[in-house]
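1. Fold the following.
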Amino acid sequence: MSDCDSCPSNDGCEKDKESCMIENNPMNNVKKIVGVMSGKGGVGKSTISVLLAKELNKKGFKVGILDADITGPSVPRLLNLKNKRAEAVGENIVPVTTEEGIKVISLNLLIENEEEPVIWRGPIIGNTVKQFWTDVLWGELDYLVIDMPPGTGDVAITAMQSIPINGIIMVSVPQDLVSMIVSKAINMVNKMGINILGIIENMSYVKCPDCNKKIKIFNGENTREFLGKTNLKLLGELPVVDSICNLLSYQDRNTDNSMDSIFSPIAENIIKNMEEE
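-> Purely as a prediction, here's the structure:
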């Protein structure tokens, strides 16, 4: 049986206590857990997870990131944690801590060569995600951000069943096909009984280098139609930049264009929605 008193979702949980699959580490006190998810890979899910963690950290919150994308872990590289390794203490794992104070666990922090492929079957991957919650010494956290595995397979199901997630952020890009794929993920989360906080539209626009005007690459009507259909909030839009690494350090001479200023209101929306839960 799960330890409901230490569960972040205890207040609003409607699960039967006898059948609940969630186990909690009594050495941890995590107040809020937010998952970042999409229906497919390559839409910037990991990048947005890191941006959110960094912004929450700047606002004074104690933050951790759980990289649940076991077969494609990119969080350590995005946080410049190359050659860093998590440590085992007895039966528990001590996460790596960034210079800013963000606690991080990822499979790439547990293996010698980050370029080695993870050739595991689903049950092993799912159990690893579960252990990242039960066996890692997160300690006191205000927010734990989970970079969810892409798609709607068994690993995503395991994560949602074994970790007390308070809310999910959906990441989309403004194409009809991807919106259809994200709809599948939205329907999955709804069936799992987890609240969806809203959608972040990545690669939404480009900035003209001469006049600074936002240029929509795709028809904005598609986004509005999609939001209306799913009855979800648009938490914010992010621009197209040269690369993922540039997105995390994106700056220009106009402070209105810094990624900090672009992502800060999105983080405020997320915090507000989480506090309402």
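2. so what's Arg85 up against?
-> Arg85 makes contact with Val96, Leu109, Leu110, according to Cβ atoms under 8 Å, 6 or more residues apart in numbering. C-beta here means a position set from N, CA and C on the backbone, and glycine is covered the same way.
3. my bad, Met170
-> Going by Cβ under 8 Å, 6+ apart, the list of residues near Met170 reads Met37, Ser38, Val182, Ala185, Ile186, Val189, Ile196, Gly198, Ile199, Ile200, Leu232.
4. what about the closest residue to Gly41 other than its chain neighbours, distance to Trp133?
-> Excluding its sequence neighbours, the residue lying closest to Gly41 (Cβ to Cβ, 6 or more residues apart in numbering) is Pro150, at 4.1 Å. Remark: distance between Pro150 and Trp133 (Cβ to Cβ, to the nearest Å) = 19 Å.
5. what about the closest residue to Met274 other than its chain neighbours, which SS state?
-> In space, and not counting its chain neighbours, Met274 is closest to Lys32: 5.4 Å by Cβ to Cβ, 6+ apart. Recorded secondary structure, Lys32: strand (DSSP: H, G, I helix; E, B strand; the rest coil).
6. Can you name the residues bridging to Lys32?
-> Judged by DSSP bridges, the bridge partners of Lys32 are Tyr143.
7. residues touching it, list them.
-> With Cβ under 8 Å, 6+ apart, Lys32 has these contacts: Pro8, Asp142, Tyr143, Leu144, Asn166, Met274, Glu277.
8. Pull out the buried residues from the residues you listed.
-> Pro8, Asp142, Tyr143, Leu144, Asn166, Met274 (16 or more other Cβ atoms under 10 Å).
9. Could you dump the residues you listed into CSV and include pLDDT and distance to Lys45?
-> Shown next, in CSV, are those (pLDDT from 0 to 100; distance: Cβ to Cβ, whole Å):
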residue, pLDDT, distance to Lys45
Pro8, 71, 21
Asp142, 97, 22
Tyr143, 98, 17
Leu144, 98, 16
Asn166, 96, 18
Met274, 89, 18
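10. which one of those is nearest Arg121?
-> Proximity of those to Arg121 (Cβ to Cβ) peaks at Leu144, which lies at 26.5 Å.
11. any idea how far the closest one is from Ile169?
-> The value you get for Leu144 to Ile169, if Cβ to Cβ is used, is 13 Å.
12. who touches both of those two?
-> Val34.
13. How far off centre is stretch 101-111?
-> Computed by Cα atoms, centre = their mean, to the nearest Å, the chain-centroid distance of stretch 101-111 equals 14 Å.
14. quick one, strands of the stretch 1-150 of the chain?
-> 29-37, 63-67, 87-89, 92-94, 96-97, 103-105, 140-147 (DSSP state E, counting those that start in this stretch).
15. Which of the ones you listed has the lowest mean pLDDT?
-> For the strands of the stretch 1-150 of the chain, mean pLDDT drops lowest on strand 87-89, to a mean of 92.
16. Adjacent strands (with direction) for that one?
-> Strand 87-89 has these strand partners (DSSP bridges): strand 92-94 (antiparallel).
17. Next, the buried residues of the strand it pairs with.
-> Ile93, Val94.
18. Can you say which of the contacts of Arg85 are buried?
-> Using 16+ other Cβ under 10 Å, the buried ones in the contacts of Arg85 are Val96, Leu109, Leu110.
19. before we move on, back to that, and the buried ones among the contacts of Lys32 as TSV, adding distance to Arg121?
-> Shown next, in TSV, are the buried ones among the contacts of Lys32 (distance: Cβ to Cβ, whole Å):
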residue	distance to Arg121
Pro8	30
Asp142	35
Tyr143	32
Leu144	26
Asn166	30
Met274	34
